[in-house]
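In: no sequence for this one, just the structure:
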């Protein structure tokens, strides 16, 4: 397992998901401060060796209901939203303090399902998180339970964490749970149940094991397998490990019991495959020979190299890139909508702000959002 566990240490960008049962004492509803401080030191260790870390945290509702004096019973939707509004303040304050004590800056990001499914919101969230990481902050993400309804909720933070991992091209997703990983059955009732150390494909047998393993105090093992499917599809490895110990990330690296789900492609390759083979182009950009050469050299598409814009597309939509003979050479995600793209083609990037009245991206399509087509 040593080589597998090195995947966490080798990951450039890590998403760590923390469930309510780990963060909040279940009977009194108070924050487990000592545990959170230990986790913050764990995260600081990753940051010190150059890794970027994003936290996806539950706990706002569990904390908020205590402050509001709501007893341990099923909450109505409006009570959950009110509890979240109170709890988010307490949760953000706690993260700010424990991360600051380790020399890190916390940033709060609240998301709903629409933020990762509607393209413009997806890009805004992706760019915000990427900017926070570039500036050295640790984003702390939670579902925006204050405004989310049943129609726009994830329903659990396992899938939210997997969507975030895919959104930001993370290399590794860590799901901290109150179990060591995926077992062949429910270990609390089945003495013959054994821990599965490594999974490379979500098969019907793996799905059956998740159902047999039962709930685990948060979204259940079934939702963790669904999260694994999302993460692997985005090229991110995922690990399920116990968070009931101090320094759970260190425990994973030390070879502690856990289940690793190994992706078959890198995040970059998975994203390129998604752009090239899944998205239907909404428009077309014709580029000159200089731009063709630049793209083949691995560079971004700049407005100066675009000679014609066709189609009705918005920022973040997929567009086809063709040469002056009409041959498709690439596909990518446009950084501008159709109207703005028409205004800036043929111009230098430094002229964009003067033309549009705002400072957008220097590129029409950034190289990370563009894939060359074979042939």
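Out: Noted; the coordinates are in hand. Everything numeric in this text was worked out from a predicted model, so none of it was measured.

In: pull the residues that contact stretch 57-65.
Out: For stretch 57-65, contacts defined as Cβ atoms under 8 Å, 6 or more residues apart in numbering pick out 17-20, 23-24, 26, 29, 31, 75, 79-80, 82-88, 90-91, 95, 140-142, 145, 157, 218. Using the backbone N, CA and C atoms, a C-beta is placed for each residue, glycine as well.

In: stretch 264-274 too?
Out: 166, 169-171, 200, 232-236, 263, 368, 371.

In: what does stretch 241-254 give?
Out: Under Cβ under 8 Å, 6+ apart, the answer for stretch 241-254 is 5-6, 8-9, 16, 18-19, 22, 34-35, 38-39, 41-43, 45-46, 174-181, 239, 256-259.

In: now do the same contact list for residue 27.
Out: Residue 27 neighbours (Cβ under 8 Å, 6+ apart): none.

In: go with 10 Å
Out: For residue 27, the contacting residues are residue 72, by Cβ atoms under 10 Å, 6 or more residues apart in numbering.

In: work out for me the element it sits within.
Out: Counting by DSSP states H and E, no helix or strand carries residue 27.

In: after the host helix or strand of residue 339 comes which helix or strand?
Out: Element membership of residue 339, judged by DSSP H and E, is helix 338-344. Toward the C-terminal end, the helix or strand that comes next after helix 338-344 (DSSP H and E) is helix 352-356.

In: gap between residue 271 and residue 106?
Out: 27 Å (Cβ to Cβ, to the nearest Å).

In: same deal with residue 247?
Out: Counting by Cβ to Cβ, the gap from residue 247 to residue 106 is 19 Å.

In: who's more crowded, the two?
Out: residue 106 (20 against 15; other Cβ atoms under 10 Å).

In: determine the three-state secondary structure at the more buried one.
Out: Following DSSP: H, G, I helix; E, B strand; the rest coil, residue 106 is assigned to strand.

In: report the contact partners of it.
Out: Contacts of residue 106 (Cβ under 10 Å, 6+ apart): 40, 55, 92-100, 132, 137-140.

In: what helix or strand is the residue lying farthest from the centre of the chain on?
Out: Distance to the chain centre peaks in the chain at residue 325, reaching 39.2 Å (criterion: Cα atoms, centre = their mean). According to DSSP H and E, residue 325 maps onto no helix or strand at all.

In: which ones are touching it?
Out: By Cβ under 10 Å, 6+ apart, the contact set of residue 325 is residue 286.

In: show me where the stretch 51-200 of the chain has strands.
Out: For the stretch 51-200 of the chain, applying DSSP state E, counting those that start in this stretch gives strands covering 52-57, 105-111, 137-143, 172-177, 198-199.

In: about what we covered before: of the contacts of stretch 241-254, grab the buried ones for ChimeraX.
Out: To isolate the buried subset of these in ChimeraX, counting by 16 or more other Cβ atoms under 10 Å, use the following:
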select :5,8,16,18,19,22,35,38,39,41,42,43,46,174,175,176,177,179,180,181,239,256,258,259
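
In: give me the subset of the contacts of stretch 241-254 lying in helices.
Out: 5-6, 8-9, 22, 34-35, 38-39, 41-43, 45-46 (DSSP state H).

In: quick check on residue 370: phi, psi?
Out: Backbone torsions of residue 370, given as degrees, to the nearest 10, read phi -140, psi 140.

In: please name the bridge partners of the closest residue to it other than its chain neighbours.
Out: Closest residue to residue 370 apart from its sequence neighbours, by Cβ to Cβ, 6 or more residues apart in numbering: residue 332 at 3.5 Å. For residue 332, the beta-bridge partners are residue 319, residue 370 (DSSP bridges).

In: how near is residue 332 to residue 115?
Out: Per Cβ to Cβ, residue 332 is found 22 Å from residue 115.

In: in terms of neighbours, single out the busier of the two.
Out: The residue with more neighbours, out of residue 332 and residue 115, is residue 332; 29 against 23, by other Cβ under 10 Å.

In: would you map the strands across the stretch 251-375 of the chain?
Out: Using DSSP E, counting those that start in this stretch, the strands of the stretch 251-375 of the chain run over residues 258-261, 283-287, 306-311, 318-322, 328-333, 370-372.

In: of these, which is nearest residue 50?
Out: strand 258-261 (22.0 Å; Cβ to Cβ).

In: check contacts around the spatially closest residue to residue 122 that is not a sequence neighbour.
Out: Spatially, and ignoring its direct neighbours in sequence, residue 122 is nearest to residue 116 (5.6 Å; Cβ to Cβ, 6+ apart). Contacts for residue 116 were tallied using Cβ under 10 Å, 6+ apart; they are 122, 125, 126, 154, 159, 160, 162, 163, 164, 166, 167.

In: what number of residues lie near the first one?
Out: It stands for residue 122. Residue 122: 17 surrounding residues under other Cβ under 10 Å.

In: separation between it and residue 279?
Out: From residue 122 over to residue 279 the distance is 12 Å, taken as Cβ to Cβ.

In: domain map for the protein?
Out: 2-268, 279-372 (automatic domain parsing).
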